[in-house]
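Chemist: need coordinates for the below:
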Amino acid sequence: MSELTLFLLQLAFLGLLWAFIFAIVYALRTDLFGPPRYRQEEEQRASAQAESAKAPPLAPALSTPSGIAKALLITGGPKEGIELELVPDEQVTIGRSGDSSLVIRDDVTSTHHARLMLWNDQWMIQDLDSTNGTFVDGKRVSIPTPVPLNTPVSVGNTTFELRT
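Modeler: As a prediction, this is how the structure comes out:
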């Protein structure tokens, strides 16, 4: 084998090695800080278009007291007892990311796990393609789902309820 061929093979191997290292660094960055911003902006635009689409009104749950929830009370997990005020004009994002409204740092919570939003005078929870799922009253959420008052919602190892 000529020296030139050997040198080119060494360069190709070195290039593959660096590509592998960059792939590992990118995967770690995505896991720690979430996806790049442009993806989040596209998702926000898509969800805004979906929210603006006219949907039939949801039937109210029979066992819930009347009124709109004004607080989120953590009833289980490491932050048990903490109460967050719910503002009707703002969404509550839940996850491990530091930019989440409710930061939950455990191994089973995704970086951007779920979103809680007020829609047609009803708080709805949406799972953001989390690995371990979001549960309302023990049932896994796959589409935006209404959250009745005093109903347990589980995200990772944390459980919370909406209160008036």
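
Chemist: CA atoms for contacts and neighbours, from now on please.
Modeler: OK.

Chemist: so where is the protein shaky, pLDDT-wise?
Modeler: Counting by pLDDT under 70, the chain contains low-confidence ranges at 34-66.

Chemist: the same query, at a cut-off of 50, please.
Modeler: Judged against pLDDT under 50, the low-scoring parts of the chain cover residues 59-65.

Chemist: how far away from the center of its chain is the helix ranked longest in it?
Modeler: Of all segments of type helix in the chain, defined using DSSP state H, the longest is helix 3-33. Remark: helix 3-33 is offset 32 Å from the chain centroid, using Cα atoms, centre = their mean, to the nearest Å.

Chemist: buried ones in that helix?
Modeler: Under the neighbour-count criterion of 16 or more other Cα atoms under 10 Å, helix 3-33 has nothing buried.

Chemist: where do the helices sit along this structure?
Modeler: According to DSSP H, the chain carries its helices in the segments 3-33, 37-52.

Chemist: what separates the residue nearest to residue 126 when sequence neighbours are not counted from residue 10, distance-wise?
Modeler: Spatially, and ignoring its direct neighbours in sequence, residue 126 is nearest to residue 144 (4.3 Å; Cα to Cα, 6 or more residues apart in numbering). Separation of residue 144 from residue 10 (Cα to Cα, to the nearest Å) stands at 53 Å.

Chemist: contact partners for the residue positioned nearest the centre of the chain?
Modeler: When the chain is reduced to its mean C-alpha position, the nearest residue by Cα atoms, centre = their mean turns out to be residue 113, at 2.2 Å. Taking Cα atoms under 8 Å, 6 or more residues apart in numbering as the contact definition, residue 113 lies against 93, 94, 95, 96, 127, 128, 129, 130, 133, 134, 155.
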